[in-house]
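Enquirer: I need the structure of the sequence given here:
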Amino acid sequence: MNTNKNKPGLRILTTAVLLALGAPVLAQNLMITNARILDGNGGIINNGSVIIRDGKIESVVTGAVRVPEMTVLDAGGKTVMPGFVEAHRHVITGNPSTWLAERSPAQMQEFLDAGFTTVLSAIDGPPIVAAR
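Expert: Just a heads-up that it's a prediction; the model follows:
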């Protein structure tokens, strides 16, 4: 199965999730339009919009709403959904310092590319905090 064709949707999802987490550097006003939205409760909104204000999801609506101060990102019909949570993972393998210096950026990107926005690292040492 070719997963490369799914990457644009994952990029949209990742962008939405990062903004929704409210990181000060990324906190901004954004509206994702023309999206198929999975609401996390079993509901689906076709052709919906997600409104993110100051880095936090303010509302999810059917159709497009124009908010003048918002940057608009057209999802092109792709799916937007809550990020996955990995509740138990031993992330660091081998020497912790080597893992942090050489493998952590690629491994963290792999989690994001797969849709995981939260990873609970079980019994990993201090380098996992640095990777955060």
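Enquirer: so in the chain, where's the weakest helix or strand by average pLDDT?
Expert: Here the helix or strand of the chain ranked lowest by mean pLDDT, DSSP states H and E is helix 7-20, holding a mean of 54.
Enquirer: and the next helix or strand past that one?
Expert: strand 30-38 (DSSP states H and E).
Enquirer: mind checking how far the residue of the chain most remote from its centre is from Gly43?
Expert: Most distant residue from the mean C-alpha position of the chain: Asn95, 28.6 Å away (CA atoms, centre = their mean). Distance, Asn95 to Gly43, using CB to CB, to the nearest Å: 46 Å. In this view, the C-beta of every residue, glycine as well, is placed from N, C-alpha and C.
Enquirer: distance of the closest residue to His90 other than its chain neighbours relative to Ile92?
Expert: Nearest-residue entry for His90: Ala122, 5.7 Å, with adjacent residues in sequence omitted and distances by CB to CB, 6 or more residues apart in numbering. Distance, Ala122 to Ile92, using CB to CB: 10 Å.
Enquirer: okay, those two: which has more neighbours?
Expert: The neighbour comparison of Ala122 against Ile92 (other CB atoms under 10 Å) goes to Ile92, with 22 against 12.
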